[in-house]
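Chemist: After the sequence you'll find the predicted model.
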Amino acid sequence: MSTGSFSTLHVTTSGGVAEIVLDNPPVNVISAVMMRELADALGELAADSSVRVVVFSSANPDFFLAHVDMHILDQEEVLADLIAAAAPRGINAFQAVGELLRNHPQVTIVKLAGKARGGGAEFVAAADMSFAARESAGIGQIESLMGIVPSGGGTQYLRERVGRNRALETVLTGDLFDADTAAAYGWINRAVPAAELDAFVDRIARNIADLPAGVVEAVKSVLPPADLSTGYAKEETEWSALIAGPDALRLMDGALRHGAQTPEGETDLEALMRSAAR
């Protein structure tokens, strides 16, 4: 695969492991272009029988994926192209990315060193496995502070991973959770000391890639992802109603004026959002 074919990703393969580095400065927001490129990259990798594991990391040590770009509704042409190419019937463009991860034939692993909020948190939860740096990682569903609900599968992933009571906590508080708490809740697989994260994930990926032929495929076959289509439809309905109202646009416009989607503003986005709402 040519690493030069993408503007927001760097893709390399070695020894049965593909590494995708997410790179959309300044804070790695999930743009429509990144979603389109993820769909293309995963489609190419799915057809490569030499690859057994796909590892996702970030070019930005502070932000894995900040969240979905607050300007994404201005990128309608690319979104429409993504939906036409990658979204199953009844699934929106944001949910389609999660479905690509959840149903990918190879094992997908997230290496979380920085922050992942909103759509970034959904991406983490959609992967088969996720491991986070204890000292620096953070994960949160911040959408409620924007006047909306998660619409990329987040509500469904959380209910499946952490249970209804903790899903309500994470979605309604909008708080950023540290790696140890996220691991204790079951949101991620494990918190690992930051200095050991690269070696730990590399060992997991290489050991899986070295398994005898057919084992990865068999295990993924007997442990398929749940059908979340009904929950996806509810997410889309509620998100669409809220995003069309005055509060969501006011809150996001205010957040952008206060520094959202800049490195400084994203450091404590929760506080920024609450301040912008006043």
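Modeler: Everything's here; your move. Residues are numbered from 1 along each chain as shown.
Chemist: In stretch 128-139, which residues are buried?
Modeler: 128-134, 136-139 (16 or more other CB atoms under 10 Å). Yep, even glycine has a C-beta here, placed from its N, CA and C like the rest.
Chemist: likewise stretch 97-107?
Modeler: So stretch 97-107, judged by 16+ other CB under 10 Å, has buried residues 97-102, 104-107.
Chemist: Quick one: end-to-end distance for it.
Modeler: In stretch 97-107, first residue to last residue: 15 Å (CA to CA, to the nearest Å).
Chemist: what's in contact with it?
Modeler: Applying CB atoms under 8 Å, 6 or more residues apart in numbering, the contact partners of stretch 97-107 are 18, 30, 35, 38-39, 42, 45-46, 51-54, 86-88, 91, 108, 119, 122-123, 125-129, 152-153, 157, 205, 208, 216-217, 220, 225.
Chemist: quick check, nearest of the buried residues of stretch 128-139 to Asp62?
Modeler: Ser136 (7.8 Å; CB to CB).
Chemist: check contacts around the closest one.
Modeler: By CB under 8 Å, 6+ apart, the residues touching Ser136 are 61-62, 113-114, 194.
Chemist: and Asp247, how many neighbours?
Modeler: Neighbour count for Asp247, taken as other CB atoms under 10 Å: 13.
Chemist: residues touching it, list them.
Modeler: Gly147.
Chemist: which element is it on?
Modeler: Asp247 is located in helix 246-257, with elements delineated by DSSP states H and E.
Chemist: Next: Ala116.
Modeler: Assigned by DSSP H and E, Ala116 belongs to strand 115-117.
Chemist: Look at the residue sitting furthest away from the middle of the chain and report its pLDDT.
Modeler: Ranked by distance from the centre of the chain (CA atoms, centre = their mean), the top residue is Pro212, with 29.6 Å. Listed pLDDT for Pro212 reads 97.
Chemist: Surely it is within a helix?
Modeler: No. Assigned with DSSP: H, G, I helix; E, B strand; the rest coil, Pro212 falls outside any helix and is coil.
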